[in-house]
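Chemist: what's the 3D shape of this:
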Amino acid sequence: LQHFAVRGQRRLSAAGNALVVGGRTLELGREWRPLRTAVTADLQAGLVFAGYGISDPEGGRDDYAGLDVQGRIVVVLRKGPRCDEPGTRYAEQDARGESNPAREHITYAGKVNAALRHGAAALLVVNDPAHHPPGSPEDEPQPFRDIGFGGDQGRTAASLPAASLSAAAGIALGLDLAALEAQLADAPARGGLLEGMASLSVRTERPEVATANVLGYLPGADQGLDGEHVLIGAHMDHLGLGGRGDSNAGAGAAGQIHNGADDNASGTAGLLGVARLLAAQRDGLRRGVVFAAWSGEEWGLLGSRHYANEPELPLGDLVAVVNMDMIGRSKGGYLAIEGVGTSPTFPELVTAKKAVEPALFCTEKTFAVGTAAEVCRTINPVVSAVGEKIFCPAPVCPLESSITSVESLASATVPEVICVPAIFFAT
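Modeler: Residues are numbered from 1 along each chain as shown. Next up, the predicted model:
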């Protein structure tokens, strides 16, 4: 075992988190939770109600219009007006059935960012009764987690103290949520000051977590190669426990261990299988082989980074690395071997003993083609957007095989397509 320590995910401290509104102390966990937007907070201020907390002049709605929220704690409702009705301003899809960017205004991140822009000291987001009936199982404060990703597709939220409140807590504080929801359906908020003061304290921490890479070694038989070795690796961690609303297994999987059958139990099983096969023929190995089951990959390649900083064998003697990640499924009947562009010998090595001829060689190249993003996604769903570029490990290259005239493509916003070096085999 190669032991090392990492900083765990930020969590609420056991003490120091408190929300008092109008002299009433709310119960942490049942009635409120801090949002993961500020690592610490201590403030007291007056309250002002700002509808849904939407600031969307382009869409004809600004709940902050005419309100002075400078230095105050803003109270808003969760979600947005008529957001479940197809084709409306804040629906999941726009009138064309495509992802609706305006929906960002009603995400937690959008509301936090709007409150910060208007000078608020903090934000309290109260569950709307339409989606979270008071007292129902759905009426829970938001779990303490990042709110700019996952189920909340807004941009990363600003560093503003913020909290999520249950609808029941909002009613207990004197808000007529049902009446407010009806009033806000078609018109911006007629907000204003609320009675009383509120105080908010937030304390968080990042605990140190002990973990380890699992390493094995088979020595090489050729003494003339003087310590040269190959490393075969796969990460053995997945994503921990499932939270409500962020697990592909559904709400029933919340709090259960997510083992990651494909990502990456499949690669770990492949690593063990290769180790077993090579151990049976160890006398024929010219070079040594290091087997590495990495920990902390999903937190940022932490295990492999630790090995690179503190290798068990000299990195100068490491001649090649083979990594197996998510090898349990084949998309579209193809097997992809990526990274072949990192060595001029890899393409020949990979195809030398393959019974089936490669379906396609992808070399590293860039196309300045305007609409390549949409074309590639139509032909191959593996394409993923990164910033303003498209990284395309496509089994069929649409720009070389399917498109004869770049000028004939419709307009698009992505200026380049980056083809990642890879080899695809039909399986």
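
Chemist: In this protein, where's the longest helix?
Modeler: Longest helix of the chain, by residue count under DSSP state H: helix 267-279.

Chemist: Excluding its own residues, what touches that one? List them.
Modeler: 216, 218, 232-236, 285, 289, 291-293, 323-328 (CB atoms under 8 Å, 6 or more residues apart in numbering). Quick note: C-beta positions are derived from backbone N, CA and C, even for glycine.

Chemist: Please spell out which residues along that helix are buried.
Modeler: Of the residues in helix 267-279, those buried by neighbour count under the rule 16 or more other CB atoms under 10 Å are Gly267, Thr268, Gly270, Leu271, Val274, Ala275, Leu278.

Chemist: try stretch 56-66
Modeler: By neighbour count with 16+ other CB under 10 Å, stretch 56-66 contains the buried residues Asp56, Arg61, Asp62, Asp63, Tyr64.

Chemist: Leu184 versus the second one, what's the distance?
Modeler: When CB to CB, to the nearest Å is applied, the distance between Arg61 and Leu184 equals 10 Å.

Chemist: shared neighbours, the two?
Modeler: Contact with both Arg61 and Leu184 is made by residues Pro81, according to CB under 8 Å, 6+ apart.

Chemist: if we can go back for a sec, quick check on the contacts of helix 267-279: which are buried?
Modeler: Those of the contacts of helix 267-279 that meet the buried threshold are 218, 232-236, 285, 289, 291-293, 323-327, by 16+ other CB under 10 Å.

Chemist: Return the subset of those lying in strands.
Modeler: Leu218, Ile232, Gly233, Ala234, His235, Val289, Phe291, Ala292, Ala293, Asn323 (DSSP state E).

Chemist: Closest one of those to Pro133?
Modeler: The closest of those to Pro133 turns out to be His235 (CB to CB; 41.6 Å).

Chemist: so what's the closest one bridging to?
Modeler: Counting by DSSP bridges, His235 is bridged to Trp294.

Chemist: Send me the host helix or strand of Leu116 as CSV with only the CA atoms.
Modeler: Per DSSP states H and E: Leu116 is located in helix 108-117. The C-alpha trace of helix 108-117 is given here as CSV (Å, rounded to 0.1, in the frame of the first residue of the first chain):
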residue,chain,number,x,y,z
TYR,A,108,-29.8,28.3,-6.9
ALA,A,109,-26.7,29.6,-8.6
GLY,A,110,-28.6,32.2,-10.7
LYS,A,111,-30.5,33.5,-7.6
VAL,A,112,-27.3,33.7,-5.5
ASN,A,113,-25.5,35.6,-8.3
ALA,A,114,-28.4,38.0,-8.8
ALA,A,115,-28.5,38.8,-5.0
LEU,A,116,-24.8,39.5,-5.0
ARG,A,117,-25.0,41.8,-8.0
